[in-house]
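J.: pasting the sequence and the predicted coordinates here, then a few questions.
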Amino acid sequence: MSVAALNRDTAFQARSLFRSLLRQSSQFSAFNFREYARRRTRDAFREHQNEKEDRKIQELFQEGLQNLRMMKRQTVISQFYQFDKLVVEGQETGKQTGGQGDIVRQKDTGWD
């Protein structure tokens with residue numbers, strides 16, 4: 001196998017692992033855990049994006065796979081302990097009105 005093909009396979013595996021980690025991080029029921037997992041995944045991949053040493057790359061892959069297994073366990077556990085959604089992750093519950101930069105939020109269900 002040539003060096004170029006090996007690099008292509010490694011890049012494909014890295015992208016696949018990255019997507020799997022992001023997909024799994026979106027399964028957390030708690031907003032804070034979800035955002036932390038996304039941020040940690042992106043930061044870790046950015047930190048090591050220019051790594052050239054094959055041994056170090058394999059160690060990073062193993063660490064990433066271990067993190068993926070851990071995340072899968074934790075997302076299943078987090079489904080048992082669901083809390084009310086935070087304001088920042090709520091659904092749209094009305095329409096926005098206002099003029100020139102000022103926004104007033106109105107609910108369709110009545111007054112608060």
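T.: Noted; the coordinates are in hand.
J.: quick check: closest non-adjacent residue to residue 30.
T.: Leaving aside its sequence neighbours, residue 30 sits nearest to residue 78 (C-beta to C-beta, 6 or more residues apart in numbering; 6.1 Å). Placement of C-beta: from N, CA and C, glycine included.
J.: could you look up the SS state of the one you found?
T.: Put simply, residue 78 is helix when judged by DSSP: H, G, I helix; E, B strand; the rest coil.
J.: what are the phi and psi values for residue 51?
T.: phi -70, psi 130 (degrees, to the nearest 10).
J.: my guess is it contacts residue 58, does it?
T.: No. Residue 51 sits out of contact with residue 58 when judged by C-beta atoms under 8 Å, with a separation of 10.4 Å.
J.: residue 47: how many residues sit nearby?
T.: 10 (other C-beta atoms under 10 Å).
J.: residue 71 is in what secondary structure piece?
T.: In the assignment (DSSP states H and E), residue 71 maps to helix 54-80.
J.: list of residues touching stretch 66-82?
T.: For stretch 66-82, the external contacting residues (C-beta atoms under 8 Å, 6 or more residues apart in numbering) are 17, 20, 21, 24, 25, 27, 28, 29, 30, 33, 37.
J.: of those residues - the most surrounded one?
T.: With neighbours taken as other C-beta under 10 Å, the top of the contacts of stretch 66-82 is residue 25, carrying 23 neighbours.
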